[in-house]
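Novice: Need a 3D model of the sequence below.
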Amino acid sequence: MTKMKSHRASKFFLFAAALLCGGFAADAATYYVSQSTGNDTAAGTAATTAWKTLTKASSIEYKPGDSILLKKGDTWNEELTPKGSGTPEKPILISSYGQGNKPIIDREDFKQDRTGIRLDNKGGYKIVGIEFARCMTGIYAEYAKGAPTQKYLWIEDCYFRDSLLYGHYEDYPKRKIGLGVCLFSWETDKKIVMQDIMVKNCVFRRLASGFWTNSPDNFNKNASFVYNFANLNFENCLFEEGYQWQLGIRGVIKGSVKNCVTHDVGRGFRSFNGVAGAMFFRCKDWIFEDSEWGYVDIGLGSGDGEAFDFEGNCNDMIMRNCNFHDTDGPGFLLCCYASDGHPNMGIIMENCVINAKSKRPIQPRVRAAIINTTDWTEATWNKCRFYLSKGEGIMAVMDREKDKRSTFKDCFVKDLSAACSSPKHPAKLTEIAAAAGASGPTFLLDFGRPVSINEFKLKEDPASGISRYIIEYWDDKKSQWMSCFNGMNIGGDFVAAIVPRTTSKARLRVIANSKEKAVLTAFDAHNDPLGDALNVARGAETPNRAGK
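Specialist: Residues are numbered from 1 along each chain as shown. The predicted model follows:
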């Protein structure tokens, strides 16, 4: 009798455990799709019986843990619209199989409203290793008003490229702008429609904008503090050769940007409402670390031209070890009037470098590293370094108020012309032949011991035409090369100021070269004096210093 009770108890606990884990689900299925060898009348459950079209792959209901694999080297001009949702524990995987290059969804005409992958009111998806070309939107996820909260979207090792459509988008989602990814919410209440989103190791190149979160209110001043998305994270992503905000993030509570680079934005383009490397509006509780925004251009006469824009109603945003450099406008814009009456509050900048150069004023006769639309904005700058070019100020405030909320603690200001004035670190310089993915050589500096670096001095031979390069330092703890500066067009003497690093070696990789040879006459590393101390207590005026 005791043994029978024990057996019954064991069966009960096994049954209960199964219920807690979602029931006795069938084994996850894997489906294969090959445009080159597939057949839509086949089973689709093996590489030898693959389907042919994304239309067929969009016709069945997928279950948590299922996989949709596209054959490497194949191309589709179709939209994939999978049915069903996964879970964070058992996401539906969209990835690849076979050998060769990433499978491509190429919609061939980005001026048509064509999407690569579309998710409607869905969560629990992991998209890995797919290329999206000439789509108006590569991945488009839409969430209806009143729909239940969805969880988990993971996008990794994807390439989004060539969608430069740009038009007025006040009536979005009648889509008029080329995007890599857009998460769109119809929810107007203070409700999360999608949360737990990771974007990792992705490249966004030649897009009007890279990644958007959006809603019909867009810049509605009456929608303050409405967050429809939560926990959005970017890691090791590159945004390059884009037109406007490569991160256009609205209405997101909690997120991060880590080890990301935004480079070469706005060139050859005219925006009706300004260019910035990134624009955040109505966001809260974000962390930005070890990231870079550089070479932001006003192109054919666009406004602004800053590296980064907190557009308004952004609270509790922390930036650490970030670099903002080489912009037509300011390095940083703190705005609240254009989109929202609420200032940005709790902005904390730690150990960041601002080397904007500010080639043009954002207002008549005003050039500054920071443009602050109002003293109401609350920003604290801790241990940051400001490099000022000739005639450029530290901070310009457009609308002065009695309550001044800007604070500078243990910061330093330095004329750019005084950079690299200390002796360079002795180093062995070696030129290495072009590596895979580069069109020019690599120049290696070996210091023979760990040294601290905060500036590099570069000079190029007149016969050379380096148009794109990356400076990297060796991270001993991680045993890998880490990016510290992304540059363009060296020409004569050039200073690349970086977030201070300690390393035993550094290298410059030539990515693009417009002439036959890439020749550096100087690649010097310095640990230069920091400049003049800058400390401004809350309520005090920021010194009106200009670079010489």
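
Novice: hang on, I470 packs against R509?
Specialist: Yes - at 4.9 Å, I470 and R509 qualify as touching, with contact defined as C-beta atoms under 8 Å. For every residue, glycine as well, the C-beta is placed using N, CA and C.

Novice: I287 against R320, yeah?
Specialist: Yes - look at I287 against R320 with C-beta under 8 Å: they come within range, at 7.4 Å.

Novice: which regions of the stretch 401-548 of the chain sit below the pLDDT cut-off?
Specialist: In the prediction, the stretch 401-548 of the chain carries residues with pLDDT under 70 at positions 435-438.

Novice: where along it do the strands fall?
Specialist: Along the stretch 401-548 of the chain, the stretches classed as strands by DSSP state E, counting those that start in this stretch are 406-415, 428-432, 442-460, 466-475, 480-487, 494-513, 520-526, 532-536.

Novice: Adding distance to Y166 and mean neighbour count as columns, could you present those in CSV?
Specialist: Converted to CSV, the strands of the stretch 401-548 of the chain look like this (distance: least, C-beta to C-beta, whole Å; neighbours: other C-beta atoms under 10 Å):
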stretch, distance to Y166, mean neighbour count
strand 406-415, 34, 20
strand 428-432, 40, 12
strand 442-460, 33, 18
strand 466-475, 23, 21
strand 480-487, 24, 19
strand 494-513, 24, 20
strand 520-526, 36, 20
strand 532-536, 38, 14
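
Novice: could you dump the ones you listed to a markdown table with distance to G312?
Specialist: What follows is the strands of the stretch 401-548 of the chain, written out as a markdown table (distance: least, C-beta to C-beta, whole Å):
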| stretch | distance to G312 |
| --- | --- |
| strand 406-415 | 16 |
| strand 428-432 | 47 |
| strand 442-460 | 33 |
| strand 466-475 | 33 |
| strand 480-487 | 28 |
| strand 494-513 | 27 |
| strand 520-526 | 38 |
| strand 532-536 | 23 |
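
Novice: Out of those, which gets nearest to V275?
Specialist: When the strands of the stretch 401-548 of the chain are compared for distance to V275 using C-beta to C-beta, the nearest one is strand 480-487, at 17.5 Å.

Novice: Who are the packing partners of the closest one?
Specialist: Counting by 3 or more C-beta pairs under 8 Å, 6 or more residues apart in numbering; DSSP states H and E, the packing neighbours recorded for strand 480-487 are strand 261-265, strand 292-296, strand 323-327, strand 466-475, strand 494-513.

Novice: which residues are contacting that strand?
Specialist: Strand 480-487 is contacted by residues 259, 261, 263, 292, 294-295, 323, 325-326, 456, 458, 468-475, 494, 496, 498-499, 501, 506-507 when judged by C-beta atoms under 8 Å, 6 or more residues apart in numbering.

Novice: what do you get if the cut-off is 7 Å, keeping everything else the same?
Specialist: If you take C-beta atoms under 7 Å, 6 or more residues apart in numbering as the criterion, strand 480-487 is touched by 261, 263, 292, 294, 456, 469-475, 496, 498-499, 501.

Novice: can you check stretch 178-187 too?
Specialist: 110, 136-145, 155, 160, 163-165, 173, 193-194, 204, 207-216, 228-229.

Novice: which of those count as buried?
Specialist: Burial by neighbour count, 16 or more other C-beta atoms under 10 Å: within the contacts of stretch 178-187 this picks out 110, 136-143, 155, 160, 163-165, 173, 193-194, 204, 207-216, 228-229.

Novice: That'll do, ta.
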